[in-house]
Every structure is written in C-alpha cells, then in structure tokens.
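Asks: Need a 3D model of the following:
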Amino acid sequence: MQRRQFLIISAAAGIAAAVGPALAHNGDEIIPGFDEALKAGGPIMIHVTAPWCEVCQAQKPIVASLLASPDFKNMKKFDVDFDTQKEILARYRVQMQSTMIVYKSGKEVDRQTGQTDPAVIEALLRKAL
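Replies: The predicted model follows:
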C-alpha cells in the first residue's frame, strides 16, 4: 500500500512540475521589463503576434494609434512573437497569435484573440486603466 501511495504522489509531483510553469509565473522574468511593470501596477498590454498573421498585421496600426493617444500614454506594451517565444506562450496560456492581454494593478483583467475592430480593441485597453 505504501508503495502505491508513493507512486501516486510521485506521479502527481511530476505532473505538477511539468504543468506548473505554464500555469503560474515563478518569478523568472522572460519578458524584459514585464515584472517591473507588473509590480508598478500601471496598465499593461501583452500583444502576441506573428509576421505571417494577417490579423496581427491589421491589429498593429490600431494598437499603435491607440497607444499614441493621451488616454493610453501610461500603458506599457510588450510584444511577444508567437513563433519563437513558446515559453512565454505557455506561461501566459496563449494558444493563438493575435492575442492581446491587458493588466491592471498587477492582475490580468481581460484578453481577446483575433479582434480587429478599433472600438473593441480600445474597450479592451480601457479595462486596464
């Protein structure tokens, strides 16, 4: 019986170790400047894109225009490449390019994927203010 319990506990620990980094931030900064911005508590946006993604290319000028406006002057934006930054995708549970995640007071408040409507993107960003 003890051997069976040991095997179950060992298996659970192995699963937790494998899944843990994808579900929780363990303090290792993998987006330069992100941890500092998160601790500061200001509005933050993570934008996951890929160079081949047409939706991402449509989002970029919309996001740039919004972030250039006075309303969003304090928002920090962090770009993540869908093709090369897989560890970040796992950590923040991102499954698709064209994903935007916003943070307020150090906590994720919303995310959207595939959105190209400027009004909807603006509403998303406003949730972080």
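Asks: Which residue ranges of this structure form helices?
Replies: Applying DSSP state H to the chain gives helices spanning 2-23, 34-40, 54-68, 86-91, 118-126.
Asks: neighbours around Tyr103, how many?
Replies: 24 (other CB atoms under 10 Å). Where you see a C-beta, it was placed from the backbone N, CA and C, and this is true even at glycine.
Asks: do the same with Met75
Replies: By other CB under 10 Å, the residues close to Met75 number 20.
Asks: for Leu129, same thing?
Replies: The burial count assigned to Leu129 is 13, neighbours taken as other CB under 10 Å.
Asks: Next up, the contacts around the residue nearest to it when sequence neighbours are not counted.
Replies: Once flanking residues are discounted, Leu129 sits nearest to Pro43: 5.5 Å by CB to CB, 6 or more residues apart in numbering. By CB atoms under 8 Å, 6 or more residues apart in numbering, the residues touching Pro43 are 72, 74-76, 102-104, 125, 128-129.
Asks: same thing but 10 Å
Replies: 37, 72-77, 102-105, 109, 125-129 (CB atoms under 10 Å, 6 or more residues apart in numbering).
Asks: pretty sure Ile44 contacts Leu129?
Replies: No. Ile44 is beyond contact range of Leu129, at 11.0 Å (criterion: CB atoms under 10 Å).
Asks: Need the residues touching each of those two.
Replies: By the contact definition CB under 10 Å, 6+ apart, Ile44 and Leu129 are jointly contacted by 74-75, 102, 104, 109.
Asks: Could you export these as CSV, including distance to Val94 and pLDDT?
Replies: Listed next are the shared contacts of Ile44 and Leu129 as CSV, based on distance: CB to CB, whole Å; pLDDT from 0 to 100:
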residue, distance to Val94, pLDDT
Asn74, 24, 95
Met75, 19, 97
Val102, 13, 97
Lys104, 19, 96
Val109, 16, 97
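Asks: Endpoints of stretch 87-103, how far apart?
Replies: The straight-line separation of the ends of stretch 87-103 (CA to CA, to the nearest Å) is 19 Å.
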